[in-house]
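Visitor: here you go, sequence then predicted model.
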Amino acid sequence: MSQYFEVHPVNPQPRLLKQAAQILHSGGIAAVPTDSSYAFVCHLDDKAAAENLRRIRGVDEKHHLTLLCRDLSELASYARVDNKQYRLLKVGTPGPFTFILEATKEVPRRVSHPSRRTIGLRVPDHRVTQELLAILGQPLIATTLIAPDETEPMNEPREIRDRFQKLVQAVVDAGACPMQPTTVVDLTGDTPVLVRSGRGNPAQLGLS
């Protein structure tokens, strides 16, 4: 059975987030809110947890997982970023954008794309997720909370608990999220490429 934490969306209770963080530290999977939709998350350094995350989500190793980071300085520790890329990242963070970048050695190979050695990174603009990341002191591996047989993200925390209570160890309920995935931008080439249009407005980054 998963533990259920009802937290305030603006002033989340540190005691509850510390309990959720401890579950993640112990190898658990959690459902957490973000500024785009709910997401499955796990500890960056736990191989079994990452494999379990993929299994619950129903994706293989070629599916880009995302690192949720607290800020740009943390993001830069896990991706190779030049000045041009940094300027674009500064415009889109924090916010509902996922940026595909070349991973550094800090990123475990099991997390990055197996052939391209790339990783999706983002800085969520959500108080609860930010507080949780601060308590953990490092990024979380994440993927949009979409059930294996569906195409749209789940948005109701109690429904998430009912459906996944035997598969995930924690559900952090901070109310409904926008229920729209992030906009994904590939920054690994000479020019930015819009991979998926989502909640983030591509025009904000100068993309159409």
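Guide: Perfect, I can see it now. Numbering: from 1, shown residues only.
Visitor: which residues touch Ala142?
Guide: 34, 39-41, 65-68 (C-beta atoms under 8 Å, 6 or more residues apart in numbering). Backbone N, C-alpha and C define where each C-beta goes, glycine included.
Visitor: quick one: which of these has the most company?
Guide: Val41 (32 neighbours; other C-beta atoms under 10 Å).
Visitor: all the strands of this protein, residue numbers only.
Guide: With DSSP state E, the ranges of strands along the chain come out as 3-6, 30-32, 39-43, 66-68, 97-102, 118-122, 140-144, 170-173, 183-186, 193-196.
Visitor: which strands and helices lie in contact with the second one?
Guide: This points to strand 30-32. helix 14-25, strand 39-43, helix 127-136, helix 157-164, strand 170-173 (3 or more C-beta pairs under 8 Å, 6 or more residues apart in numbering; DSSP states H and E).
Visitor: can you rerun that using 10 Å?
Guide: With contacts taken as 3 or more C-beta pairs under 10 Å, 6 or more residues apart in numbering; DSSP states H and E, strand 30-32 sits against strand 3-6, helix 14-25, strand 39-43, helix 127-136, strand 140-144, helix 157-164, strand 170-173.
Visitor: and it, how far from the chain's centre?
Guide: How far strand 30-32 lies from its chain's middle: 10 Å, per C-alpha atoms, centre = their mean, to the nearest Å.
Visitor: sheet partners, orientation included, of that strand?
Guide: Within its sheet, strand 30-32 is paired with strand 39-43 (antiparallel), strand 170-173 (parallel), according to DSSP bridges.
Visitor: show me the shaky parts of this structure.
Guide: By pLDDT under 70, the low-scoring segments of the chain are 110, 114-115.
Visitor: may I have the beta-bridge partners of the residue minimising distance to the centre of it?
Guide: Centroid-nearest residue in the chain: Ala142, 3.5 Å away (criterion: C-alpha atoms, centre = their mean). Following DSSP bridges, Ala142 is listed with bridge partners Val41, Thr66.
Visitor: out of the strands paired with strand 30-32, the one nearest Gln19 is which?
Guide: strand 170-173 (8.0 Å; C-beta to C-beta).
Visitor: can you list contacts of that closest one?
Guide: Residues outside strand 170-173 that contact it (C-beta atoms under 10 Å, 6 or more residues apart in numbering): 2-7, 9, 12, 16-17, 19-24, 28-33, 38, 41, 128-129, 132, 145, 156-158, 160-162, 164-165.
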